[in-house]
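1. pasting a predicted model and its sequence here:
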Amino acid sequence: MTEVATFAAGCFWGVEQAFREIEGVVDAEVGYTNGHTDNPTYQEVCRKGTGHAEAVRIVFDPSLVSYDDLLATFWAIHDPTQLNRQGPDVGDQYRTAIFTHSDEQAAKAAASKEAQDKSGAHQRPIATIIEPAGKWWRAEEYHQRYFEKNGGGACAIHPR
């Protein structure tokens, strides 16, 4: 039995790659979620008119990796104090967000965010939003497994 988790942490290429490396992640795909237009394209999302976040939808086996472990990776790979940006990428499509698929995920995400805020690891308050996952729109094929197809590279994710 698998479960689904969805995270936004800036440029989705690096986020996808980080989650693909975790044992127990069955699949990860990049796409757009929690906006207000149907079937958005990358260009439309980049123009900031759709309200969508660049996000990664993860299918995972909870017997091999827990949702809490995925949350720990999410916090580690980006700066959750930056609202609507990660590094040089600016706009609401790059917001830091946890899109939940159940009440249990929402509770774990909220507890995790509170722990991060209280940890003293960040000089500013956590800007990450937590909200129910909306309609998922898979990104264009050339965005899927981008680093695997195009060689390594760097995205504006910030490992600790």
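-> Perfect, I can see it now.
2. the closest residue to residue 26 other than its chain neighbours is in what secondary structure piece?
-> Nearest non-adjacent residue to residue 26, counting by C-beta to C-beta, 6 or more residues apart in numbering: residue 59, 4.6 Å away. Backbone N, C-alpha and C define where each C-beta goes, glycine included. Element membership for residue 59, per DSSP states H and E: strand 53-60.
3. re the thing from before, the residue nearest to residue 26 against residue 28, yeah?
-> Yes. With contact defined as C-beta atoms under 8 Å, residue 59 reaches residue 28; the gap is 7.4 Å.
4. so which bits of the helix or strand harbouring residue 15 are buried?
-> Residue 15 belongs to helix 12-20 when assigned by DSSP H and E. Buried positions in helix 12-20, judged by neighbour count with 16 or more other C-beta atoms under 10 Å: 12-20.
5. mean confidence for it?
-> The average pLDDT within helix 12-20 is 91.
6. after that helix, next one along is what?
-> Next along the chain from helix 12-20, counting by DSSP H and E, comes strand 25-33.
7. what packs against that following strand?
-> helix 12-20, strand 53-60, strand 136-138 (3 or more C-beta pairs under 8 Å, 6 or more residues apart in numbering; DSSP states H and E).
8. and the next element down the chain from the strand holding residue 59?
-> By DSSP H and E, the next helix or strand past strand 53-60 is helix 67-76.
9. hmm, back to that, could I get the buried residues of helix 12-20 as CSV with distance to residue 63?
-> Below are these laid out as CSV (distance: C-beta to C-beta, whole Å):
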residue, distance to residue 63
12, 27
13, 28
14, 27
15, 24
16, 22
17, 23
18, 21
19, 17
20, 18
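10. tell me, how many neighbours does the residue lying closest to residue 140 once chain neighbours are set aside end up with?
-> Excluding its sequence neighbours, the residue lying closest to residue 140 (C-beta to C-beta, 6+ apart) is residue 42, at 5.8 Å. Close neighbours of residue 42, defined as other C-beta atoms under 10 Å, add up to 16.
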